[in-house]
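Trainee: my questions are about this predicted structure, shown below with the sequence.
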Amino acid sequence: MSELKAGSNLEKVLRAGHFAFTGECGPPQGANVEHLIEKGNHLKGVVDAVNVTDNQTAVVRMSSWAASLILLEHGIEPNFQMVCRDRNRLAIQSDILGAYSMGLRNMLCLSGDHQSFGNHPESKNVYDIDSMQLIHTVKTMRDEGKFLNGSDVDVAPKFFIGAASNPFAEPFDFRVYRLAKKIDAGADFVQTQCIYNMDKFREFMKRAVDMGLHEKCYILAGVTPMKSVGMALYMSKQVPGMDVPESLIKRLRGAGKGKVAEEGIKFALEQIEEFKEMEGVAGVHLMAIEWEHKVPEIAERAGVLPRPVV
Amino acid sequence: MIVAESKPIKELLEMVKDFKKILVVGCKGCVTVCNVGGAKEVGILASSLRIHGRKEGRDVVVGEHTLERQCDPEYIDELEEIVGDYDAVISIACGVGPQFLSERYPEKKVFPGVNTKFMGGAVEHGVWAERCAGCGTCAIHLFGGLCPIARCSKSLLNGPCGGSSHGKCEISKDVDCIWDMIVNKMTEQGRLSELLEFRPPKSWTTARDGGPRKMIREELVK
């Protein structure tokens, strides 16, 4: 077996052939370190790494590298997210170096939601480079020890490189090719958008497996349990690139008062069971949005505990 | 063409409220084509200024003049005889016009009468859309003749992002996802493999990011 690329816990878990289980934690809209630690502690020992989002939905929050470091100090392995919306290539490369130097080892490369979604729609965006180019930048810095301008990096940052894939955005036929492109650019692992349309995801994975993508990259299936019918409707109608089948909304509605959240968790558990068996799926990325305290229970019921120690 | 829209009349009135002699200068170029800055619009704006002046009990003299182009000094010279009679000049050309007027007639107070929007064209009667970001290194041939720099909200060179839905951009249902169009077009043309190629980071040195730009054609310089 070849050398580890970064040596993060997530990489080791995946490399050892375990079914990975990652979580997510949004930094606070302020300097509320306590709350961040509290959320992180729900995930500690329950997931292999915690994604720390970068001004997600273009809402200003504590910087993802800072929140990542705080979690790291508390024994939680972060998956440091970086978007291309807010930084040019100077800031990007400098943050990559800084984040690595402070001990971060996983990095998820994203384009980022457009600022028109967020709480500073008046802002100017950057998009100097795109997510594909960001992946390639991190890889080039790591493997070739070169900056984007070709000059040498004095001690290369060794990140386990992550990318996102949305099988439910359009055009559908192109999505698997774009995933392939991200893998070619340098993605070591991929976390997908929240999956609700299982038929479509099965088809996507079949195509990915046919292309052998699962052999070049670890694919983690994105799961977000629905807390309410309102959330399902919001996801279905308001979030671009999200595919919530009518049958799921109907199922949640049918659960009855006070039982919708449990039904949402049941659906998520059924999904996880299927992902464990699905060819090409190397793990699950559980995005329990502002529901971190539920993650231990979900993990327990999903049978993914205890997490492997590698 | 350069596409512009008229500034709200309220904003213009506020701008020139202290002046009694105002010259409105139009342009027969792009702004005439997009119906905001030609002779017709000069007339309309001038009338509005006069009417408002009368309402306020002020005797406002408003002159009207439309130049062949405001982005060429030779045409701007034409104002030399006229401009002296006025305290303020409102240019309803694109952002180039009022600046050329300011430079040529430094003693005059020049005001912009339009908001300059983008480089684009008419997609249907009364509707204009952006097509070019003036980045200085055109590469639309790589994208089926469609520009992701100007037309993708994130200027992605390796799109489409995960927000593309039903052919629309994540920012608005009124914005087409250009990457959806690029993928479809390249697929139809049997050129999908070209989209699988990694497009490296673009050099923005030729765009506005490289600083204010100038073009010199030696053979034309006298």
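Mentor: The structure has been received and is ready for your questions. None of the values given here were measured: they were computed from a predicted structure.
Trainee: what's the single longest helix in chain B?
Mentor: helix B:39-55 (DSSP state H).
Trainee: quick one: name whatever helix or strand follows that helix.
Mentor: strand B:61-67 (DSSP states H and E).
Trainee: state the mean pLDDT of the following helix or strand past that following strand.
Mentor: Sequence-wise, the next helix or strand beyond strand B:61-67 is helix B:73-76, with elements assigned using DSSP H and E. On average, the pLDDT along helix B:73-76 is 96.
Trainee: list of residues touching the helix or strand following helix B:73-76?
Mentor: Moving toward the C-terminus from helix B:73-76, the next helix or strand (DSSP H and E) is helix B:80-83. Helix B:80-83 has contacts (Cβ atoms under 8 Å, 6 or more residues apart in numbering or on different chains) with B:23, B:63, B:65, B:89, B:105, B:108. Quick note: C-beta positions are derived from backbone N, CA and C, even for glycine.
Trainee: hmm, 10 Å instead?
Mentor: With contact meaning Cβ atoms under 10 Å, 6 or more residues apart in numbering or on different chains, helix B:80-83 is reached by B:23, B:25, B:63-65, B:76, B:89, B:101, B:104-105, B:107-108, B:110.
Trainee: could you do stretch B:10-17 as well?
Mentor: With contacts defined as Cβ under 10 Å, 6+ apart, stretch B:10-17 is touched by B:6-8, B:22, B:24, B:45, B:48-49, B:52-53, B:56, B:58, B:60, B:62, B:87-90, B:92, B:109, B:111-115.
Trainee: please indicate which of those residues are buried?
Mentor: Of all these considered here, the ones buried according to neighbour count by 16 or more other Cβ atoms under 10 Å in any protein chain shown are B:6-7, B:22, B:24, B:45, B:49, B:52-53, B:60, B:62, B:88-90, B:92, B:109, B:111-114.
Trainee: of those, list those near chain A.
Mentor: Applying Cβ under 10 Å from any Cβ of the partner chain to those, one finds that nothing falls near chain A.
Trainee: now the contacts of helix B:80-83 in CSV, please, with extra columns for distance to B:Thr137.
Mentor: Compiled in CSV, the contacts of helix B:80-83 are given as follows (distance: Cβ to Cβ, whole Å):
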residue, distance to B:Thr137
B:Leu23, 40
B:Val25, 34
B:Gly63, 43
B:Glu64, 41
B:His65, 38
B:Ile76, 31
B:Val89, 36
B:Leu101, 31
B:Arg104, 32
B:Tyr105, 36
B:Glu107, 40
B:Lys108, 37
B:Val110, 33
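Trainee: can you list the strands that the top strand by length along chain B pairs with?
Mentor: If each strand of chain B is counted by residues according to DSSP state E, the longest one is strand B:114-124. For strand B:114-124, the paired strands and their directions (DSSP bridges) read strand B:2-6 (antiparallel), strand B:127-132 (antiparallel).
Trainee: with adjacent residues omitted, what lies nearest to residue 177?
Mentor: Here I'm looking at chain A. Here the nearest residue to A:Tyr177 in space, its sequence neighbours aside, is B:Leu196; by Cβ to Cβ, 6 or more residues apart in numbering or on different chains that works out to 5.8 Å.
Trainee: hmm, I had chain B in mind actually
Mentor: By the measure of Cβ to Cβ, 6+ apart, the closest residue to B:Cys177 outside its immediate chain neighbours is B:Ser164, 4.3 Å from it.
Trainee: ok so, going back, the contacts of helix B:80-83: which two are farthest apart?
Mentor: The largest distance within these, taken as Cβ to Cβ, falls between B:Glu64 and B:Glu107 and amounts to 20.9 Å.
Trainee: where does chain A dip in pLDDT?
Mentor: A:1 (pLDDT under 70).
Trainee: so who does A:Cys217 touch?
Mentor: The neighbours of A:Cys217, taking Cβ under 10 Å, 6+ apart as the test, are A:14, A:161-163, A:165, A:179-180, A:182-184, A:186-190, A:208, A:280, A:282.
Trainee: so which of the residues you listed are also by chain B?
Mentor: The subset of those lying close to chain B, counting by Cβ under 10 Å from any Cβ, consists of A:165, A:180, A:182, A:184, A:186.
Trainee: start to end distance for stretch B:145-159?
Mentor: Its first and final residues considered, stretch B:145-159 spans 15 Å by Cα to Cα, to the nearest Å.
Trainee: list the buried residues of that stretch.
Mentor: Buried residues in stretch B:145-159, defined by neighbour count with 16+ other Cβ under 10 Å: B:146-159.
Trainee: what kind of secondary structure is A:Pro225 in?
Mentor: The three-state label for A:Pro225, taken from DSSP: H, G, I helix; E, B strand; the rest coil, comes out as coil.
Trainee: got phi/psi on it?
Mentor: Its backbone dihedrals place A:Pro225 at phi -70, psi 140, with angles given as degrees, to the nearest 10.
Trainee: swap in B:Val25?
Mentor: With angles defined as degrees, to the nearest 10, B:Val25 shows backbone torsions of phi -120, psi 120.
Trainee: is any residue of stretch B:199-213 near chain A?
Mentor: Yes. Judged by Cβ under 10 Å from any Cβ, stretch B:199-213 and chain A are in contact via B:199-202, B:204, B:209.
Trainee: which residue ranges of the stretch 51-200 of chain A form helices?
Mentor: A:64-73, A:89-101, A:131-139, A:172-185, A:198-210 (DSSP state H, counting those that start in this stretch).
Trainee: just how off-centre is the longest one within its chain?
Mentor: Read it as helix A:172-185. Taking the mean of its C-alpha atoms, helix A:172-185 sits 17 Å from the chain's own mean (Cα atoms, centre = their mean, to the nearest Å).
Trainee: and B:Glu64 and B:Glu107? Which one has more around it.
Mentor: More neighbours sit around B:Glu64 than around the other of B:Glu64 and B:Glu107, counting by other Cβ atoms under 10 Å in any protein chain shown; the figures are 17 against 7.
Trainee: how many other residues sit next to the closest residue to chain B within the stretch 151-300 of chain A?
Mentor: For the stretch 151-300 of chain A, the residue positioned closest to chain B under Cβ to the nearest Cβ is A:Asn166, at a distance of 3.2 Å. Neighbour count for A:Asn166, taken as other Cβ under 10 Å: 25.
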